[in-house]
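> Provided below are the primary sequence and the corresponding predicted coordinates.
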Amino acid sequence: MNKITDFINNQYKALQVSATIADASDLFLDVNYSHFPILEQNVFLGSIAKEDADIFLSTDSIDVHKYNLTRFYVRNDMNWFDVLEEFSKNHTNLLPVLDDKNNYLGFYELDDVLHFFNETTFVKEDGGTIVIEKETADFTFSQICQIVESNNAKILGVFISNNSATKTEITLKISQSNFNEIIQTFRRYNYTILSEHQEDAYLADLKDRSDYLNKYLNI
C-alpha cells in the first residue's frame, strides 16, 4: 500500500441513526474505538463517542441524541500528515472519510495511519535526526536546507515540532548519522542544538574543559 486511501476501512458498517444506544454499546464492546460514524440513510451525521454510549439510556435510539454527535471527519484527498493531525486534534482513534460530495466512504483507524507513517522516508530510511531551535522571526527552511546540503547531506524529512511567538523548534531527518560538521554549521548560524549527539565536538570540548576545571579546583 502506497496511498493513505488504501487504508480506508469498511470492515464495520456505519450505524444508522435509527439504531439504539445498545447497538452502539455492543459495537464498542467488540472494537476498541473512541467514536463510531452514524448515518441517516447515506448521509453522514457525525460520530457517537464511546463515553456517551456508556451513559445514554440503552433503549434510546441514536436519533434522540444526534445533537451530541461529534462532527469531525477528513476528506479522501487529504494527505497523511493532515489526517494524523486530525486524529490528534480530535482525541480519537477513528476518523470518518468523506469525498468532495460529502459521501461517506469509510473510516481511518489511527493504527493504520501510524503504520503508513512508519513506511515513509522520514522513518524508514537510514539516517540521523537533529532537533534545532532558533528565533521564530529569523529561521527559514531554505537556510536549513542550504546548511545541510552544503555539508554533502540530504534532508529526508523536516517538520516544526514546537513553536511559540519567539522560538521555533525544527526536527530534521538527515541522510547520514555522523553529522558533527552539520551541527557546527547550524551553531555558526545561531541555531541551538536541542538533541544530543555523541559526535558533537563542541559538547565534547565543553566536557573536557569542565573535567579539567574540576580537577583544578580539587587540587
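Great, that's in hand.

> pull up the gap between E135 and Q146, please.
18 Å (C-beta to C-beta, to the nearest Å). Heads up, the C-betas are built off the backbone N, CA and C, glycines and all.

> go on, N190?
14 Å.

> now do K101
Distance from K101 to Q146, by C-beta to C-beta: 44 Å.

> quick one, which of the two is more surrounded?
Regarding K101 and Q146, a neighbour count based on other C-beta atoms under 10 Å identifies Q146 as having more, with 13 against 5.

> quick one: contacts for the more buried one?
By C-beta atoms under 8 Å, 6 or more residues apart in numbering, no residues touch Q146.

> so how far is the helix or strand hosting it from its chain's centroid?
Q146 is part of helix 141-150 when elements are defined by DSSP states H and E. Between the centre of helix 141-150 and the centre of its chain there are 24 Å (C-alpha atoms, centre = their mean, to the nearest Å).

> residue ranges in the chain under the pLDDT threshold?
1-2, 122, 177-178, 198-219 (pLDDT under 70).

> show me the helices in it, by range?
Counting by DSSP state H, the chain has helices at residues 21-30, 50-53, 80-90, 110-118, 121-124, 141-150, 180-188, 201-217.

> which one of the ones you listed lies nearest to V43?
Among these, helix 21-30 comes nearest to V43, with 17.9 Å by C-beta to C-beta.

> measure the closest residue to E133 other than its chain neighbours to S150 for me?
Among residues not flanking E133 along the chain, T192 sits closest, at 4.4 Å (C-beta to C-beta, 6 or more residues apart in numbering). T192 is 19 Å from S150, where distance means C-beta to C-beta.

> do the same with N190
16 Å.

> wait, doesn't S34 sit right on N93?
Yes: taking C-beta atoms under 8 Å as the definition, S34 is a contact partner of N93 at 5.1 Å.
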